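**Q** got a structure for you, letters missing:
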């Protein structure tokens with residue numbers, strides 16, 4: 001069921017809280033249009049409201065709302081009716097395509113972590129010696145990763161660090177070769 005519906009411009013509007021000016025949270029259609037949304041009374045304008053009892057929590061002009069969601073990436077290609085558009089918006093809100101994308105804060109944190117790691121001196125052991133002494137066979141697969149390796153793994157799996165940065169973490173002594181192998185190979 002869609003969270004939204006097209007307002008018939010005759011049904012009452014209920015809001016969550018009382019308006020400070022009017023002291024009301026229940027309005028007839030004409031009251032609401034007169035006080036808050038005169039544009040809604042224009043012929044041909046479609047208004048989206050909430051589909052629940054408190055329908056005034058949402059009050060949006062249909063065409064502008066569709067354009068807004070198109071810019072966000074909502075797919076309306078299969079929509080043929082107003083209800084199809086409203087359902088597509090509901091589905092898009094419930095399953096946004098960018099939900100798994102790293103946030104700006106995560107990107108900044110990963111970049112700072114990489115800068116700090118690059119500023120570290122190289123480990124005393126050369127990468128080749130470390131690779132020979134700490135192969136993935138020398139550590140059981142069920143061994144837990146160190147806190148540094150968990151951080152590197154998170155950055156790598158989220159696409160915030162490249163394989164080269166993971167390799168550099170070994171070079172800097174931040175993680176072991178075995179941990180690198182576990183991170184890169186799943």
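**A** Arrived safely, thanks for sending. Here the structure is a predicted model, which means the values were calculated and not measured.

**Q** list the contacts of the residue nearest to residue 145 when sequence neighbours are not counted.
**A** Of all residues not flanking residue 145 in the chain, residue 179 sits nearest, at 5.6 Å (CB to CB, 6 or more residues apart in numbering). For the C-beta atoms, the positions are set from N, CA and C on the backbone; glycine is no exception. Residues near residue 179 by CB atoms under 8 Å, 6 or more residues apart in numbering: 145-146, 149, 152, 170.

**Q** can you confirm residue 179 is in a helix?
**A** Yes: counting by DSSP: H, G, I helix; E, B strand; the rest coil, residue 179 is found in a helix.

**Q** what sits up against the top helix by length along the chain?
**A** Using DSSP state H to define each element, the chain has its longest helix at helix 104-119. For helix 104-119, contacts defined as CB under 8 Å, 6+ apart pick out 102, 151, 155, 158, 160-161, 165, 168-169, 172, 174.

**Q** highest neighbour count among these?
**A** Of all those, the highest neighbour tally under other CB atoms under 10 Å goes to residue 169, namely 27 neighbours.

**Q** and for residue 11, the neighbour number?
**A** 13.

**Q** quick one: secondary structure of it?
**A** coil.

**Q** how near is the closest residue in space to it that isn't next to it in sequence to residue 18?
**A** Leaving aside its sequence neighbours, residue 11 sits nearest to residue 29 (CB to CB, 6+ apart; 6.3 Å). Here residue 29 is placed at a distance of 19 Å from residue 18 (CB to CB, to the nearest Å).
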